[in-house]
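In: quick check, what structure comes out for this input:
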Amino acid sequence: MSRVGKMPITVPAGVVFDCKPDNTVTVKGPKGTLTRKLPDGMNIAVEAGEIVIRRPDDTKQNKAFHGLTRMLIFNMVEGVTNGFSKTLDIVGTGYRASKEGNKLTLLLGYSHPVIMIDPEGVESTCETATRIIVSGVDKEKIGQYAAEIRAKRPPEPYKGKGVRYHGEHIIRKAGKAGKK
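Out: Below you'll find the model as predicted:
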(Lines give C-alpha, C1' and ligand atoms only; values in the text may rest on other atoms or scores of the structure.)
Protein backbone atom coordinates (compact mmCIF):
# COMPACT_ATOMS: atom_id res chain seq x y z
CA MET A 1 0.00 0.00 0.00
CA SER A 2 1.06 3.56 -0.63
CA ARG A 3 2.02 5.17 2.66
CA VAL A 4 0.57 8.48 1.46
CA GLY A 5 -2.46 7.03 -0.33
CA LYS A 6 -3.74 4.91 2.54
CA MET A 7 -4.01 7.84 5.00
CA PRO A 8 -7.61 9.10 5.28
CA ILE A 9 -8.39 12.80 4.79
CA THR A 10 -10.41 14.42 7.56
CA VAL A 11 -13.14 16.73 6.24
CA PRO A 12 -13.32 19.82 8.49
CA ALA A 13 -16.63 21.40 9.52
CA GLY A 14 -17.95 23.78 6.88
CA VAL A 15 -16.41 21.85 3.97
CA VAL A 16 -18.65 20.04 1.48
CA PHE A 17 -17.07 17.21 -0.51
CA ASP A 18 -18.71 15.73 -3.63
CA CYS A 19 -17.36 13.02 -5.96
CA LYS A 20 -19.11 12.05 -9.20
CA PRO A 21 -18.79 8.55 -10.75
CA ASP A 22 -16.24 9.80 -13.34
CA ASN A 23 -13.93 10.91 -10.43
CA THR A 24 -14.70 14.62 -10.81
CA VAL A 25 -14.25 15.99 -7.30
CA THR A 26 -15.77 19.25 -6.03
CA VAL A 27 -14.77 20.73 -2.68
CA LYS A 28 -16.62 23.77 -1.27
CA GLY A 29 -15.42 25.63 1.78
CA PRO A 30 -15.28 29.03 3.45
CA LYS A 31 -12.54 30.34 1.11
CA GLY A 32 -14.02 29.12 -2.19
CA THR A 33 -14.77 26.15 -4.44
CA LEU A 34 -12.37 23.86 -6.31
CA THR A 35 -13.23 21.25 -8.95
CA ARG A 36 -10.83 18.74 -10.46
CA LYS A 37 -10.98 15.60 -12.62
CA LEU A 38 -8.90 12.91 -10.92
CA PRO A 39 -7.40 9.74 -12.46
CA ASP A 40 -9.90 7.04 -13.38
CA GLY A 41 -9.78 3.78 -11.50
CA MET A 42 -9.29 5.20 -8.01
CA ASN A 43 -12.16 4.48 -5.65
CA ILE A 44 -12.96 7.63 -3.67
CA ALA A 45 -15.42 7.26 -0.80
CA VAL A 46 -16.55 9.19 2.27
CA GLU A 47 -16.64 7.01 5.38
CA ALA A 48 -17.44 8.43 8.83
CA GLY A 49 -16.53 12.00 7.91
CA GLU A 50 -13.23 10.99 6.28
CA ILE A 51 -12.29 10.66 2.62
CA VAL A 52 -10.71 7.29 1.81
CA ILE A 53 -8.93 6.52 -1.47
CA ARG A 54 -8.46 2.90 -2.57
CA ARG A 55 -6.84 1.52 -5.70
CA PRO A 56 -8.43 -1.35 -7.63
CA ASP A 57 -5.23 -3.37 -8.15
CA ASP A 58 -1.46 -3.21 -7.73
CA THR A 59 -0.44 -2.25 -11.25
CA LYS A 60 2.43 0.21 -11.47
CA GLN A 61 0.20 3.02 -12.76
CA ASN A 62 -2.44 2.57 -10.05
CA LYS A 63 0.27 2.55 -7.38
CA ALA A 64 1.57 5.84 -8.75
CA PHE A 65 -1.91 7.40 -8.92
CA HIS A 66 -2.88 6.28 -5.40
CA GLY A 67 -0.70 8.76 -3.48
CA LEU A 68 -1.17 11.46 -6.13
CA THR A 69 -4.95 11.30 -5.90
CA ARG A 70 -4.86 11.48 -2.10
CA MET A 71 -2.56 14.53 -2.10
CA LEU A 72 -4.58 16.36 -4.76
CA ILE A 73 -7.75 15.94 -2.69
CA PHE A 74 -5.91 16.89 0.53
CA ASN A 75 -4.60 20.08 -1.09
CA MET A 76 -8.10 20.95 -2.32
CA VAL A 77 -9.54 20.53 1.20
CA GLU A 78 -6.65 22.50 2.74
CA GLY A 79 -7.01 25.26 0.13
CA VAL A 80 -10.73 25.89 0.66
CA THR A 81 -10.22 25.74 4.44
CA ASN A 82 -7.04 27.77 5.08
CA GLY A 83 -5.72 28.81 1.67
CA PHE A 84 -2.12 28.80 0.47
CA SER A 85 0.48 31.50 0.03
CA LYS A 86 4.02 31.95 -1.27
CA THR A 87 6.28 34.86 -0.42
CA LEU A 88 8.80 36.31 -2.86
CA ASP A 89 11.66 38.68 -1.96
CA ILE A 90 13.14 41.19 -4.40
CA VAL A 91 16.86 41.84 -3.89
CA GLY A 92 18.78 44.53 -5.75
CA THR A 93 19.32 48.27 -5.81
CA GLY A 94 16.32 49.94 -7.41
CA TYR A 95 14.39 46.68 -7.72
CA ARG A 96 10.86 47.01 -6.36
CA ALA A 97 7.23 46.02 -6.84
CA SER A 98 3.92 47.83 -6.60
CA LYS A 99 0.30 46.74 -6.88
CA GLU A 100 -2.55 48.59 -8.54
CA GLY A 101 -5.87 46.76 -8.87
CA ASN A 102 -5.05 43.33 -10.30
CA LYS A 103 -1.80 44.54 -11.95
CA LEU A 104 1.55 43.79 -10.37
CA THR A 105 4.25 46.19 -11.58
CA LEU A 106 7.85 45.04 -11.19
CA LEU A 107 10.90 47.27 -11.65
CA LEU A 108 13.73 44.78 -12.11
CA GLY A 109 16.53 46.71 -13.79
CA TYR A 110 15.12 46.51 -17.29
CA SER A 111 14.51 49.62 -19.41
CA HIS A 112 10.77 49.12 -18.89
CA PRO A 113 8.53 48.04 -16.00
CA VAL A 114 7.31 44.44 -16.09
CA ILE A 115 3.52 44.36 -15.67
CA MET A 116 1.81 41.11 -14.69
CA ILE A 117 -1.94 40.58 -14.31
CA ASP A 118 -3.09 38.27 -11.52
CA PRO A 119 -4.71 35.08 -12.87
CA GLU A 120 -8.24 34.20 -11.80
CA GLY A 121 -8.33 32.76 -8.29
CA VAL A 122 -4.89 34.11 -7.36
CA GLU A 123 -4.19 37.36 -5.53
CA SER A 124 -0.82 39.05 -5.13
CA THR A 125 -0.11 41.76 -2.57
CA CYS A 126 2.94 43.90 -1.92
CA GLU A 127 3.71 43.79 1.79
CA THR A 128 6.66 46.13 1.21
CA ALA A 129 8.31 47.41 -1.96
CA THR A 130 10.57 44.35 -1.91
CA ARG A 131 8.20 41.61 -0.74
CA ILE A 132 5.35 40.04 -2.74
CA ILE A 133 2.82 37.61 -1.27
CA VAL A 134 0.92 35.38 -3.72
CA SER A 135 -2.15 33.75 -2.15
CA GLY A 136 -5.30 31.85 -3.05
CA VAL A 137 -7.06 28.49 -2.72
CA ASP A 138 -5.44 26.50 -5.56
CA LYS A 139 -1.90 25.44 -4.62
CA GLU A 140 -0.97 24.65 -8.21
CA LYS A 141 -1.98 28.08 -9.56
CA ILE A 142 -0.18 29.88 -6.73
CA GLY A 143 3.04 27.97 -7.36
CA GLN A 144 2.82 28.58 -11.10
CA TYR A 145 2.22 32.33 -10.74
CA ALA A 146 5.02 32.67 -8.17
CA ALA A 147 7.36 30.82 -10.56
CA GLU A 148 6.36 33.15 -13.42
CA ILE A 149 7.14 36.21 -11.26
CA ARG A 150 10.50 34.71 -10.23
CA ALA A 151 11.33 33.92 -13.87
CA LYS A 152 11.20 37.62 -14.79
CA ARG A 153 14.55 38.09 -13.01
CA PRO A 154 15.91 34.94 -11.35
CA PRO A 155 18.61 35.50 -8.71
CA GLU A 156 22.09 35.66 -10.18
CA PRO A 157 24.98 33.85 -8.44
CA TYR A 158 27.48 36.72 -8.05
CA LYS A 159 25.60 39.39 -6.09
CA GLY A 160 22.36 37.49 -5.48
CA LYS A 161 20.23 40.16 -7.18
CA GLY A 162 16.82 39.18 -8.51
CA VAL A 163 13.50 37.72 -7.36
CA ARG A 164 13.73 34.77 -4.97
CA TYR A 165 11.40 32.77 -2.77
CA HIS A 166 11.42 33.83 0.88
CA GLY A 167 14.03 31.73 2.67
CA GLU A 168 15.62 30.48 -0.57
CA HIS A 169 19.39 30.12 -0.29
CA ILE A 170 21.36 31.30 -3.31
CA ILE A 171 24.76 29.66 -3.76
CA ARG A 172 27.16 32.52 -4.38
CA LYS A 173 30.16 32.34 -6.70
CA ALA A 174 33.45 34.11 -6.20
CA GLY A 175 33.99 37.10 -8.43
CA LYS A 176 36.69 37.53 -11.02
CA ALA A 177 40.15 36.75 -9.64
CA GLY A 178 42.64 39.62 -9.66
CA LYS A 179 45.85 39.71 -11.73
CA LYS A 180 49.00 38.42 -9.98
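
In: which strand or helix spans Met76?
Out: Using DSSP states H and E, Met76 maps to helix 60-81.

In: what's the next secondary structure element after that helix?
Out: strand 84-91.

In: residues in contact with that following strand?
Out: With Cβ atoms under 8 Å, 6 or more residues apart in numbering as the test, strand 84-91 has contacts from 75, 78, 96-97, 106, 108, 127, 129-139, 142-143, 146, 149-150, 155, 160-166. Placement of C-beta: from N, CA and C, glycine included.

In: centre of the chain to the helix or strand that that strand is followed by, how far?
Out: Counting by DSSP H and E, the next helix or strand C-terminal to strand 84-91 is strand 96-100. Chain-centre distance of strand 96-100: 21 Å, with Cα atoms, centre = their mean, to the nearest Å.

In: pairing partners for strand 96-100, with directions?
Out: Counting by DSSP bridges, the strands paired with strand 96-100 are strand 103-107 (antiparallel).

In: and the partner strand with strand 84-91, angle?
Out: 30 degrees (axes from the mean of the first three to the mean of the last three Cα atoms, to 10 degrees).

In: for the chain, what spans make up the strands?
Out: Here the chain has its strands, by DSSP state E, at 9-10, 16-19, 24-29, 32-37, 43-47, 50-54, 84-91, 96-100, 103-107, 114-117, 122-128, 131-136, 162-165.

In: which strands and helices sit next to the third one?
Out: The criterion is 3 or more Cβ pairs under 8 Å, 6 or more residues apart in numbering; DSSP states H and E, and the helices and strands that strand 24-29 contacts are strand 16-19, strand 32-37, helix 60-81.

In: what's in contact with the last one?
Out: In this case it means helix 60-81. Helix 60-81 is contacted from outside by 1-7, 9, 11-12, 14-15, 17, 25, 27-34, 36, 38-39, 41-42, 44, 51, 53, 55-56, 84, 136-140, using Cβ under 8 Å, 6+ apart.
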